[in-house]
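Trainee: Sequence first, predicted model second:
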Amino acid sequence: MIELCAIASGSNGNCYYIGNEHEAVLVDAGISARQIITRMHQRKLNPAKIKAIFISHEHADHTHGARILGKRMRIPVFLTSRTFVSMYPKHKPISPRYFEPGHVIRVGTFQIHPFLKNHDAAEPCSFRIEHGGFHVGVFTDIGSPNENVIYHLNLCNALFLESNYDVKMLWEGSYPWPLKQRIASDHGHLSNDQAFELLKNYSGNNLQLVFLSHLSAENNTGETAMNRFRELMDKFSILPTSRNAPGEVIQFGRKPEQGTLNFEF
Ligand SMILES: [Zn+2]
Ligand SMILES: [Zn+2]
């Protein structure tokens, strides 16, 4: 069994929970430690199960609570050395644990596969997390999908996938021109269209569930993003994440009589 929850998702903060009966890892800690713990309690997730935090890159919406949460829970915070150097000092974990993109890290029964992606950060990574034959991707902050993203996507059973902005809303919206260009660049964020094309063309046969993640407040809505993916909804389940509240906890289980995966809310 594996449990998934978007504790926070959006350009205002990101934190993704992947756990089993006994232990869990977090990808990113982009809201305060207090908020992360409060939201976990709201969803009946036990913070004591967290064994490690993995940081994807230094932007504050991924690092805000990393230092305090690591310290309070006495758990390791894994990141690359270049990410550590580039973080705000007040977000830097006290005892960082460095990983190399492309090298697997084991935490309990989880295997974490970090890989490099295109984003305007020092050494931006995304992760595929493997546990008991399940593969969960956390793919946010991707300007354009590189071959690593495509390779790891193909293996995923479940996926938190960035669907940051609607192209029309971005270009007609109120953001300053340089910011619009940055978001839409190859080192910015995935639009709804780009995320859709990525899924349509490169998802593997095992993919069952996709959380549309890291939505922009100004340049997207949950409804707009969901509408864009309607064509794929007979292939796999697609769920929106909320910018303001923790998502539902989704459980994957294995049906012994059939040997197939199923999930329940
Ligand atoms: Zn971000
Ligand atoms: Zn970022």
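Mentor: That came through fine. Numbering: from 1, shown residues only. Ligands and ions are numbered 1, 2, ... in the order given.

Trainee: ok, which residues in this protein are in contact with ligand 1?
Mentor: 61, 141 (C-beta under 5 Å from the ion). Heads up, the C-betas are built off the backbone N, CA and C, glycines and all.

Trainee: which regions of the chain sit below the pLDDT cut-off?
Mentor: 253-265 (pLDDT under 70).

Trainee: all helices of it, in order?
Mentor: For the chain, the helices defined by DSSP state H cover 33-42, 60-63, 66-73, 81-86, 147-153, 167-172, 177-184, 192-202, 222-228.

Trainee: Nearest to residue 122, out of those?
Mentor: helix 81-86 (4.1 Å; C-beta to C-beta).

Trainee: For that closest one, buried residues please.
Mentor: Applying a neighbour-count criterion of 16 or more other C-beta atoms under 10 Å, one finds 83, 84, 86 buried in helix 81-86.

Trainee: likewise stretch 165-181?
Mentor: 165, 166, 169, 170, 175, 180.

Trainee: Likewise for stretch 101-115?
Mentor: Applying 16+ other C-beta under 10 Å to stretch 101-115 flags 101, 105, 107, 110, 112, 113, 114, 115 as buried.

Trainee: For the nearest residue to the last one once chain neighbours are set aside, give me its contacts.
Mentor: Yep, that's residue 115 we're talking about. Nearest residue to residue 115, sequence neighbours excluded (C-beta to C-beta, 6 or more residues apart in numbering): residue 148, at 4.0 Å. Residue 148 makes contacts with 115, 116, 117, 126, as judged by C-beta atoms under 8 Å, 6 or more residues apart in numbering.

Trainee: Can you give the distance from stretch 229-247 to the centre of its chain?
Mentor: When distances are taken as C-alpha atoms, centre = their mean, to the nearest Å, stretch 229-247 is centred 14 Å away from the chain's centroid.

Trainee: now residue 144: how far from residue 174?
Mentor: Distance of residue 144 to residue 174, given as C-beta to C-beta, to the nearest Å: 25 Å.

Trainee: How about residue 150: what's its closest non-neighbour residue?
Mentor: residue 202 (4.8 Å).

Trainee: That neighbour and residue 218, how far apart?
Mentor: For residue 202, the distance to residue 218 - C-beta to C-beta - is 28 Å.

Trainee: Burial check on the closest residue to ligand 2 within the stretch 151-265 of the chain, number of neighbours?
Mentor: Nearest residue of the stretch 151-265 of the chain to ligand 2: residue 189, at 7.7 Å (C-beta to the ion). For residue 189, the count of nearby residues is 28 (other C-beta atoms under 10 Å).

Trainee: could you list every residue that touches it?
Mentor: Per C-beta under 8 Å, 6+ apart, neighbours of residue 189: 141, 142, 143, 162, 164, 165, 183, 214, 216.

Trainee: From residue 144, how far out is it?
Mentor: Taking C-beta to C-beta, one finds residue 189 at 10 Å from residue 144.

Trainee: sorry, back to before: export the buried residues of stretch 165-181 to JSON lines and tack on distance to residue 7?
Mentor: Formatted as JSON lines, those follow (distance: C-beta to C-beta, whole Å):
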{"residue": "165", "distance to residue 7": "22"}
{"residue": "166", "distance to residue 7": "25"}
{"residue": "169", "distance to residue 7": "26"}
{"residue": "170", "distance to residue 7": "26"}
{"residue": "175", "distance to residue 7": "27"}
{"residue": "180", "distance to residue 7": "29"}
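
Trainee: Of those residues, which is the nearest to residue 198?
Mentor: Among these, and counting by C-beta to C-beta, the member closest to residue 198 is residue 165, at 14.5 Å.

Trainee: Next up, the contacts around the closest one.
Mentor: 183, 184, 189, 191, 192, 216, 219, 220.

Trainee: Pull up the residues of the stretch 51-200 of the chain that are close to ligand 2.
Mentor: Counting by C-beta under 5 Å from the ion, the residues of the stretch 51-200 of the chain near ligand 2 are 59, 141.

Trainee: hang on, the earlier thing: what's the local residue count around the residue nearest to residue 150?
Mentor: There are 15 residues near residue 202, going by other C-beta under 10 Å.
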